[in-house]
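Chemist: Generate a structure from the sequence data that follows.
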Amino acid sequence: MSSSSSPPEVAIVGGGPAGLIAAEMLGRAGLAVTVYDRMPSVGRKLLMAGRGGLNLTHSEEFERFATRYAEAQAPLRPLIEAFRPEDLRAWSEGLGQETFVGSSGRVFPKAFKASPLLRAWLSRLESLGVRFAPRHRWQGFDEDGALIFTDAAGEPLRVRPAATILALGGASWPRLGSDGTWVELLSRRGIAISPLRPANVGFILPWSHVMRSRFEGEPLKRVALTFEGRTVRGEAIVTADGIEGGAVYALSARLRDAIERTGGATLHLDLRPDLSEEVLVTRLGAPRKGQSASTFLRKAGGLSPVAIALLREASPSLPLEPGALARLIKAVPLTLAGTKSLDRAISTAGGVPFGEVDEHLMLRRMPGVFVAGEMLDWEAPTGGYLLQATFATGLAAARGVLARLQIPDAALTGSLSSATRQT
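Modeler: Next comes the predicted model:
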C-alpha cells in the first residue's frame with residue numbers, strides 16, 4: 001500500500017467484541033475501517049454481560065482451557081493460541097484496565113464493569129480513524145456482491161469494500177442487536193448454516209404452585225449437579241418456570257442435546273456435596289425430639305428452606321429412614337421438561353460451520369467476506385471462554401483481511417499489545 005494511494009476500505013458488520021477487535025487491528029494497519037451496527041451504539045451486549053462483572057477470560061492452564069470448546073477445539077485452538085488469555089489481559093491493561101483473578105480462576109478488570117473498558121476502547125478506535133455507522137441494518141448482498149444496508153433514515157445504502165468482516169453475533173439477547181437474521185441472508189448465498197440453538201441456558205421444570213410462589217429467585221449455594229456421569233459444583237437459581245445458574249450452564253449443552261433426543265432429561269442435585277452420605281446418615285439418625293421435618297432437616301442436615309422445598313418436590317412424603325433420606329439429599333432428581341428459549345440464553349450454539357471458511361475465516365463461497373465471533377459454529381461454557389474465543393476469531397479474521405489485501409506485517413503502525421503476534 002503506497003503512501004500516495006487511498007487505503008483499502010474494510011467494512012465490519014457488527015459492533016460487538018469480535019468486530020471491534022478486528023477494527024482495532026485493521027485500523028492500526030492503516031486501513032479505512034467502518035463498523036456498521038443496527039443499534040444506536042456499539043458494544044451493547046458487552047455492557048450487558050459486564051453488569052455483574054465483566055469476565056474477560058480464565059486463568060487455568062492452557063491445555064485444560066482449550067478443552068472447554070469441545071467439538072470446536074480443533075479449529076479454534078490455533079486461533080486462541082495466537083491470542084491467549086494472558087494476551088487478552090495485556091490488551092485490557094494497555095487500555096488502562098488492570099485485571100485480577102477471582103477465587104474461581106476467572107479474570108476480571110479491576111473496575112469490574114465493562115463500561116470503563118469500552119469507553120477507553122472506543123477512544124482508541126477513534127484515534128485510529130475507525131468510523132462508526134450506527135443504526136445501519138445489514139440487508140445482505142446485491143447481485144454484484146455489494147453490501148446492502150438500510151440507514152438510520154430508512155434509506156438504502158450500497159457499500160463495496162475491499163474486504164468485509166461479518167461479526168453479527170448469534171441470536172441470544174436480540175434486543176441488544178444479535179437477532180440471527182443473518183442466517184437467511186447467508187443461506188441465500190449457498191452458505192450452509194448449522195441451526196442456531198440456545199447455549200448457557202436455563203431449563204424448564206413443572207414446579208408446584210408453592211415452589212413457584214415462595215422460592216422464585218432463591219439461590220442454591222454450594223451444590224453439585226450431575227448428568228450423564230459429569231458432576232459440576234457451583235450455584236443454581238430457582239426460577240418461576242425452572243432452574244438456571246452457573247452450574248446449570250456448565251451442563252447445558254449435554255442437557256439440551258438429551259432433551260432434543262428424547263424430549264426430557266433428569267438432572268441429579270446434591271444439596272450437600274461437602275458431606276458424605278455416611279456422615280449425613282449419622283446426622284439424620286439423631287433423635288428428632290418433637291421437631292418438625294423442616295426444622296430437623298435445617299438443623300441436622302444443614303439445609304436451607306429452598307433445599308427442603310426441593311426435597312418435597314421430588315418426594316412429597318419424605319423418607320423417614322435416615323439412609324433413604326440421605327440418598328435423596330445427595331441426589332435429588334430434577335426432571336427437565338424443556339430448554340428455555342434462545343432469546344433467554346446467554347450465548348448461541350450453531351452458526352457457520354468451520355468447513356465453510358478457510359484458515360483465515362474467509363467464506364469459501366464468498367472470497368473477501370470473513371466471519372468472526374458467535375456467527376461461527378462453536379460454543380463454550382461461561383467463565384471467560386466465550387469472550388476469549390470471540391476476541392481470538394475477530395483477530396483471526398482481521399489477519400485474514402491483511403493477508404488477502406497483501407499488506408505485510410511490517411505495515412502495521414503499532415501493536416495491539418504483545419498479543420497481536422502474527423501467525
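Chemist: so what does the helix or strand hosting residue 250 touch, helix or strand wise?
Modeler: Using DSSP states H and E, residue 250 maps to helix 246-262. If you count contacts as 3 or more Cβ pairs under 8 Å, 6 or more residues apart in numbering; DSSP states H and E, helix 246-262 packs onto strand 194-199, strand 203-204, strand 219-227, strand 230-239, strand 265-270, strand 338-339. Yep, even glycine has a C-beta here, placed from its N, CA and C like the rest.
Chemist: Could you verify my assumption that residue 280 touches residue 301?
Modeler: Yes - taking Cβ atoms under 8 Å as the definition, residue 280 is a contact partner of residue 301 at 6.7 Å.
Chemist: Between these two, tell me which one has more neighbours.
Modeler: Set side by side, residue 280 and residue 301 show more neighbours around residue 280, with 23 against 20, by other Cβ atoms under 10 Å.
Chemist: ok, back up a step: closest one to residue 87 among the helices and strands packed on helix 246-262?
Modeler: Residue 87 lies closest, by Cβ to Cβ, to one member of the helices and strands packed on helix 246-262: strand 194-199, at 24.5 Å.
Chemist: Tell me which residues of the lowest-mean-pLDDT helix or strand in the chain come out buried.
Modeler: Across the helices and strands of the chain, mean confidence by mean pLDDT, DSSP states H and E is lowest for helix 44-49: a mean of 92. By neighbour count with 16 or more other Cβ atoms under 10 Å, helix 44-49 contains the buried residues 44-47, 49.
Chemist: Make CSV from the helices and strands packed on helix 246-262 and add mean pLDDT and mean neighbour count to it.
Modeler: Below are those laid out as CSV (pLDDT from 0 to 100; neighbours: other Cβ atoms under 10 Å):
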stretch, mean pLDDT, mean neighbour count
strand 194-199, 97, 19
strand 203-204, 98, 22
strand 219-227, 97, 18
strand 230-239, 96, 17
strand 265-270, 98, 19
strand 338-339, 96, 20
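Chemist: Rebuild the ones you listed as TSV, extending it with distance to residue 65.
Modeler: Shown next, in TSV, are these (distance: least, Cβ to Cβ, whole Å):
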stretch	distance to residue 65
strand 194-199	18
strand 203-204	26
strand 219-227	22
strand 230-239	17
strand 265-270	26
strand 338-339	26
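Chemist: for those, which one sits closest to residue 396?
Modeler: Of all these, it is strand 194-199 that lies closest to residue 396, at 19.2 Å by Cβ to Cβ.
Chemist: Which residue ranges make up the domains of this structure?
Modeler: The chain is divided into the following domains under automatic domain parsing: 9-198+346-411, 203-339.
Chemist: Tell me which of those is the most buried.
Modeler: domain 9-198+346-411 (a mean of 20; mean count of other Cβ atoms under 10 Å).
Chemist: Relative to the whole chain's centre, how far out is that one?
Modeler: 12 Å (Cα atoms, centre = their mean, to the nearest Å).
Chemist: related to what we said a few turns ago, which stretch among the helices and strands packed on helix 246-262 comes nearest residue 6?
Modeler: Going by Cβ to Cβ, the one of these nearest residue 6 is strand 194-199, 38.2 Å.
Chemist: Run the angle between the closest one and helix 246-262 for me.
Modeler: 140 degrees (axes from the mean of the first three to the mean of the last three Cα atoms, to 10 degrees).
Chemist: As PDB, could you dump the C-alpha coordinates of strand 194-199?
Modeler: Output of strand 194-199 as PDB, limited to C-alpha atoms (Å, rounded to 0.1, in the frame of the first residue of the first chain):
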ATOM      1  CA  SER A 194     -25.900 -25.200  11.500                       C
ATOM      2  CA  PRO A 195     -29.200 -24.500  13.300                       C
ATOM      3  CA  LEU A 196     -28.900 -21.800  16.000                       C
ATOM      4  CA  ARG A 197     -29.600 -23.300  19.400                       C
ATOM      5  CA  PRO A 198     -29.500 -21.900  23.000                       C
ATOM      6  CA  ALA A 199     -26.300 -22.300  24.900                       C
END
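Chemist: Who are the packing partners of that strand?
Modeler: Strand 194-199 packs on helix 246-262, strand 347-351, going by 3+ Cβ pairs under 8 Å, 6+ apart.
Chemist: ok, residues contacting the helix or strand following the last one?
Modeler: On the C-terminal side of strand 347-351, the closest following helix or strand by DSSP H and E is strand 369-371. If you take Cβ atoms under 8 Å, 6 or more residues apart in numbering as the criterion, strand 369-371 is touched by 163-167, 352, 356-357, 360-363, 397, 400-401.
Chemist: next one: stretch 106-121
Modeler: Contacts of stretch 106-121 with the rest of the structure, by Cβ under 8 Å, 6+ apart, involve 20, 24, 43, 46-47, 49-51, 53-59, 85, 88-89, 92, 95-102, 383-384.
Chemist: go with 7 Å
Modeler: With Cβ atoms under 7 Å, 6 or more residues apart in numbering as the test, stretch 106-121 has contacts from 20, 43, 46-47, 49-50, 53-59, 85, 89, 92, 95-102, 383-384.
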